[in-house]
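1. Model the structure of this input:
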Amino acid sequence: MWPEIGHLALIMAAWVALMQAVLPLWGSLSPRRQHWQALARPLALLQWVLIVLSFVALWQAFYVHDFSVKYVAHHSNTLLPTPYRLSAIWAGHEGSLLLWVLMLALWSVAVAVFSKRLPSAMVAQVLGVMGAISVGFLTFILMLSNPFERQFPALSEGRDLTPLLQDPGLVIHPPMLYMGYVGLSVAFAFAMSALLSGRLDAAWARWARPWTVAAWGFLTLGIALGSWWAYYELGWGGWWFWDPVENASLMPWLVATALIHSLMVTDKRGQFKAWTVLLAIGGFSLSLLGTFLVRSGVLTSVHAFATDPGRGLFILLFLALVVGVSLLLFAWRAPQWATPSTPVVGSRESFLLLNSVLLVVAMAAVLLGTLYPLIIDALNLGKLSVGPPYFDRVFVPLMVPLLLAMVPGTVVPWHVARWAALRALLVPAALALLLSSAWATWGGPPLAEGRGASSLGWLTVMGGTLGGWIALSGAWQIAQRLRLPGSPGWSWWGMQVAHWGVAVLVLGITGVKSFQVERDVRLGLGDAVTVAGVRYQLLGVDNHLGPNYLALRAQIKMFEGPPGQEREVGILQPEKRRYVSSAMPMTEAAIDRNIWRDRYVSLGEPLASEPPQWSFRVYHKPYVSWIWWGAVFMVLGGGLAAWDRRYRQTALKPLAGSALSAQGVRA
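-> Just a heads-up that it's a prediction; the model follows:
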């Protein structure tokens, strides 16, 4: 019964989405039918209720092991632990698209509930555009990707969930990533509303800012969770591999970051209107492109767990339709917004423009490295692999001027160049250079362990200086602001916290790249290896029975201190698992964590030797956790900025000023 209810709910949701797309939009554009605008909110809420009902129906089928549902039989079995029956919903193509439309409906309801102070015509247009997007995906699901398709007779046992997805991180990572992907549709819908109405003023930019920042925060969290999962789950000890699917999420994030800053200029100064609209179109288009790359089967990746080439064509056509219609609408309206104004070199808007352009160029570099091998393959010109060396040489150098421009962009005033305002940043810059030089000299492991300070060169100093300058300059700005009367808005605090997050992220990347030590070793019982001053001794290897897997588990004791004065500092238990239904091997690394470093051990295969030995990877990774703590600060900063109530005012009012705003300290 539940599968039939879920399928019927999807059909009804598609019809409701169609009405949401047509009636409110028509009412906003036709003076005689303005009363239809009021239908936008109830239709968005009704669509959300129906999609939630469909989602619950699929969850029920997984929970009771209803293997008459083909999708359940392909991605679950009776041994699967209950929490992973939830993540199994988005393990395949059908369920992942259902999660997509669920998130879209959730964003629509959020707009309906939290935009009551906005003009009814704008809300109707925004929800109408989101309804049109929902129509496209619901049609796709019903025609080509139905998660409720039945099979009779029902199987007595399912195939099991992909072992890679049987992890707590994968219960959270896809929903957060999809919230970010789909959240960019709100900024896109606001941009389309401005194009439809012909009102591309500061109003739409201010109203779109909190939604864009919220979507950016979810996307940041999703990317960080994916990086963290890959780090501890895959056993490679890496946190970013320039995997094509990772790139598919990074590209919309880069454009969304540029969009946030461009919206600020459009809101404050009324400039960059056309550029801001193009960024909104580009951000959502890249999220659709990411969906196509992950779901179409054109990529091979540890992250691309749901693929289907035939159905990927629908997403590609839908992407072409969205981009084509939005660009045609943009071309129609663009001549009305042409303004001769040019930002003054050295003003805040000039730095923000520079940053947004660098972010878009960086996105283009990632896009080229991701799609070029696919294009070469499609043209039968051979196989080409673009890996980390390309991205390290192209992407990373673009980040240096971007980081250099971050701090001046928060200090100089609007509309005028006041280079004297930058003098106060010389002290934080000099202090950051001094501290980073000391860090590069004494911050790594002993030279005898492999990579020491003398092999790092100027890259460590540069990364440490950039990260330190951002952090110390932020602290200086806060100290200056607290001396003045009044309190800055949540958006100002959000900016400072997010920029601190960038600083922590840069320092984490610099630290782990500069000072990490990696050893591949073979150990027998009682053997030991010393890495970064810690001795790892293999005590034993035994079998372990899990709920749906068999594991080989090693016992490794860690000792620290000079010979004769060693003390035990912990025990690590890495595993090599084989799942019962699929016999697929999985590495479960063991990690001893603190804020300054990770001690990381992964167990390999048993070696043909006598006495028996096993292969191990032992890593010492200083500052690696700072990468994810930096992302946490960035998400927190985005949340503070999105919470600023001034963005939801119906009448535009200047943000509360202060004496310091003239000096450029305000956001």
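2. When you work out contacts or count neighbours from here on, use the C-alpha atoms and nothing else.
-> OK.
3. how about low-confidence regions in the stretch 451-600 of the chain?
-> In the predicted model of the stretch 451-600 of the chain, residues 451-457, 583 satisfy pLDDT under 70.
4. Mind jotting down where the strands sit in it?
-> 517-524, 528-531, 534-545, 549-560, 567-572, 575-579, 585-588, 590-593, 597-607 (DSSP state E, counting those that start in this stretch).
5. What about Val64, how many residues nearby?
-> Val64: 11 surrounding residues under other C-alpha atoms under 10 Å.
6. just the one 5 residues further on next, same as before
-> Around Val69 sit 21 other residues, with neighbours defined as other C-alpha under 10 Å.
7. Against which helices or strands is the worst-scoring helix or strand of the chain on mean pLDDT packed?
-> Ranked by mean pLDDT, DSSP states H and E, the weakest helix or strand in the chain is helix 309-333, scoring a mean of 84. In terms of contacts (3 or more C-alpha pairs under 8 Å, 6 or more residues apart in numbering; DSSP states H and E), helix 309-333 is packed against helix 120-144, helix 168-197, helix 273-295.
8. Just send the ones you listed back as JSON lines, with distance to Ile470 and mean pLDDT too.
-> Output for these, formatted as JSON lines (distance: least, C-alpha to C-alpha, whole Å; pLDDT from 0 to 100):
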{"stretch": "helix 120-144", "distance to Ile470": "37", "mean pLDDT": "93"}
{"stretch": "helix 168-197", "distance to Ile470": "26", "mean pLDDT": "92"}
{"stretch": "helix 273-295", "distance to Ile470": "26", "mean pLDDT": "89"}
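9. Can you name the next helix or strand after the least confident helix or strand of the chain?
-> Toward the C-terminus, helix 309-333 is succeeded by helix 348-378 as the next helix or strand (DSSP states H and E).
10. for whichever helix or strand comes after that following helix, which positions count as buried?
-> Beyond helix 348-378 on the C-terminal side, the first helix or strand identified by DSSP H and E is helix 388-406. Residues of helix 388-406 classed as buried: 391, 395, 398, 402-406 (neighbour count, 16 or more other C-alpha atoms under 10 Å).
11. can you check stretch 37-49 too?
-> By 16+ other C-alpha under 10 Å, the buried positions in stretch 37-49 come out as 37-41, 43-49.
12. Now the least confident helix or strand of the chain: buried residues?
-> Within helix 309-333, the residues that count as buried by 16+ other C-alpha under 10 Å are 311-312, 314-316, 318-319, 322-323, 326-327, 330, 333.
13. want to try CSV for these, with distance to Ser285 as columns?
-> Shown next, in CSV, are the buried residues of helix 309-333 (distance: C-alpha to C-alpha, whole Å):
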residue, distance to Ser285
Arg311, 18
Gly312, 15
Phe314, 14
Ile315, 11
Leu316, 11
Phe318, 10
Leu319, 7
Val322, 7
Val323, 7
Ser326, 10
Leu327, 11
Phe330, 14
Arg333, 19
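14. Out of the strands of the stretch 451-600 of the chain, the one nearest Ser262 is which?
-> Nearest of these to Ser262, taken as C-alpha to C-alpha: strand 597-607 at 37.0 Å.
15. Dump the closest one to CSV, keeping only the CA atoms.
-> Output in CSV follows, covering the C-alpha atoms of strand 597-607 (Å, rounded to 0.1, in the frame of the first residue of the first chain):
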residue,chain,number,x,y,z
ARG,A,597,47.6,16.6,14.6
ASP,A,598,46.1,13.3,13.6
ARG,A,599,47.9,10.0,14.0
TYR,A,600,46.4,7.9,11.2
VAL,A,601,46.8,4.1,10.5
SER,A,602,45.1,2.0,7.9
LEU,A,603,45.4,-1.8,7.5
GLY,A,604,46.2,-3.3,4.1
GLU,A,605,46.2,-6.9,2.9
PRO,A,606,48.1,-9.8,4.5
LEU,A,607,51.4,-10.4,2.8
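16. just checking, what packs against the helix or strand following it?
-> Sequence order places strand 613-622 as the next helix or strand after strand 597-607, per DSSP H and E. Judged by 3+ C-alpha pairs under 8 Å, 6+ apart, strand 613-622 is in contact with helix 490-515, strand 517-524, strand 528-531, strand 597-607.
17. closest to Gly387 out of those?
-> Among these, helix 490-515 sits nearest to Gly387 (C-alpha to C-alpha), with 17.1 Å.
18. what separates the closest one from the chain centre, distance-wise?
-> Distance of helix 490-515 from the chain centroid (C-alpha atoms, centre = their mean, to the nearest Å) equals 16 Å.
19. returning to what we had before: present the helices and strands packed on strand 613-622 as CSV; the columns should include mean neighbour count and distance to Arg32.
-> Shown next, in CSV, are the helices and strands packed on strand 613-622 (neighbours: other C-alpha atoms under 10 Å; distance: least, C-alpha to C-alpha, whole Å):
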stretch, mean neighbour count, distance to Arg32
helix 490-515, 24, 40
strand 517-524, 18, 71
strand 528-531, 17, 77
strand 597-607, 21, 66
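20. Using a markdown table, lay out these together with distance to Val101.
-> Formatted as a markdown table, the helices and strands packed on strand 613-622 follow (distance: least, C-alpha to C-alpha, whole Å):
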| stretch | distance to Val101 |
| --- | --- |
| helix 490-515 | 29 |
| strand 517-524 | 43 |
| strand 528-531 | 48 |
| strand 597-607 | 38 |
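21. Out of the ones you listed, the one nearest Trp458 is which?
-> Here helix 490-515 is closest among the helices and strands packed on strand 613-622 (C-alpha to C-alpha), at 10.6 Å.
22. by how many degrees do the closest one and strand 613-622 diverge?
-> Per axes from the mean of the first three to the mean of the last three C-alpha atoms, to 10 degrees, the angle that helix 490-515 makes with strand 613-622 is 130 degrees.
23. Taking their axis directions, helix 490-515 and helix 388-406 sit at what angle?
-> Interaxial angle, helix 490-515 versus helix 388-406 (the same axes, to 10 degrees): 140 degrees.
24. Going by contacts, tell me the helices and strands next to helix 490-515.
-> Using 3+ C-alpha pairs under 8 Å, 6+ apart, the elements in contact with helix 490-515 are helix 458-482, strand 613-622, helix 625-642.
25. report the angle between the axes of it and helix 625-642?
-> Helix 490-515 runs at 170 degrees relative to helix 625-642, counting by the same axes, to 10 degrees.
26. still on that earlier bit, and the strands of the stretch 451-600 of the chain as CSV, adding distance to Asn380?
-> What follows is these, written out as CSV (distance: least, C-alpha to C-alpha, whole Å):
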stretch, distance to Asn380
strand 517-524, 38
strand 528-531, 47
strand 534-545, 48
strand 549-560, 42
strand 567-572, 48
strand 575-579, 38
strand 585-588, 34
strand 590-593, 43
strand 597-607, 37
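27. Can you say which of these is nearest to Leu127?
-> Between the strands of the stretch 451-600 of the chain, strand 585-588 lies closest to Leu127; by C-alpha to C-alpha that is 44.2 Å.
28. Give me the neighbour count for Ala189.
-> Neighbourhood size, Ala189 [other C-alpha under 10 Å]: 26.
29. how much space between it and Gly131?
-> For Ala189, the distance to Gly131 (C-alpha to C-alpha, to the nearest Å) stands at 10 Å.
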